[in-house]
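S.K.: take this sequence and fold it.
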Amino acid sequence: GGASKIEGISQLGEEIFQIPVRVGQPSGLIGLTDILKNPVYSTAVGLVLYGQKETEEDYLDFAFTRNKGLVNQAFKWIQNNF
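M.R.: Numbering: from 1, shown residues only. Predicted coordinates for the structure are as follows:
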């Protein structure tokens, strides 16, 4: 987040954790990328991306639920009509 903008924070991280440290940027973004790649917004962007991923997985779980899912119903329709 914004703390990554503190001068010398990467070096401090390397000293504490004894491993290479770098300031990361969110990837896989579309639109407003120049703004959203700023480390200040990394927590917010990460939460949005996580929420999107979880929503997609929940939808897929629902979609493939036996006898109730939309995908399952579509497969049954295709099997019955072709």
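S.K.: do you know the pLDDT at the closest residue to residue 10 other than its chain neighbours?
M.R.: Once flanking residues are discounted, residue 10 sits nearest to residue 21: 4.9 Å by Cβ to Cβ, 6 or more residues apart in numbering. In this view, the C-beta of every residue, glycine as well, is placed from N, C-alpha and C. Residue-level confidence at residue 21 comes out at 93, pLDDT.
S.K.: residues near residue 21, how many?
M.R.: When neighbours are defined as other Cβ atoms under 10 Å, residue 21 has 16 of them.
S.K.: phi, psi for it please.
M.R.: Main-chain dihedrals, residue 21, degrees, to the nearest 10: phi -130, psi 140.
S.K.: helix, strand, or coil at residue 41?
M.R.: Using DSSP: H, G, I helix; E, B strand; the rest coil, the structure places residue 41 in helix.
S.K.: for it, what are its contacts?
M.R.: 1, 26, 35 (Cβ atoms under 8 Å, 6 or more residues apart in numbering).
S.K.: need the pLDDT of the first one.
M.R.: So that's residue 1. The model's pLDDT for residue 1 equals 78.
S.K.: one step back: spit out the contact partners of the residue nearest to residue 10.
M.R.: Contacts of residue 21 by Cβ under 8 Å, 6+ apart are 10, 11, 13, 14.
S.K.: now do the strands in the chain.
M.R.: Ranges of strands within the chain: none, based on DSSP state E.
S.K.: find the residue ranges of it scoring beneath the pLDDT cut-off.
M.R.: 32, 55-72 (pLDDT under 70).
S.K.: state the distance from the most centrally placed residue in it to residue 42.
M.R.: In the chain, the centroid-proximal residue (Cα atoms, centre = their mean) is residue 49; its distance is 3.2 Å. Residue 49 is 10 Å from residue 42, where distance means Cβ to Cβ, to the nearest Å.
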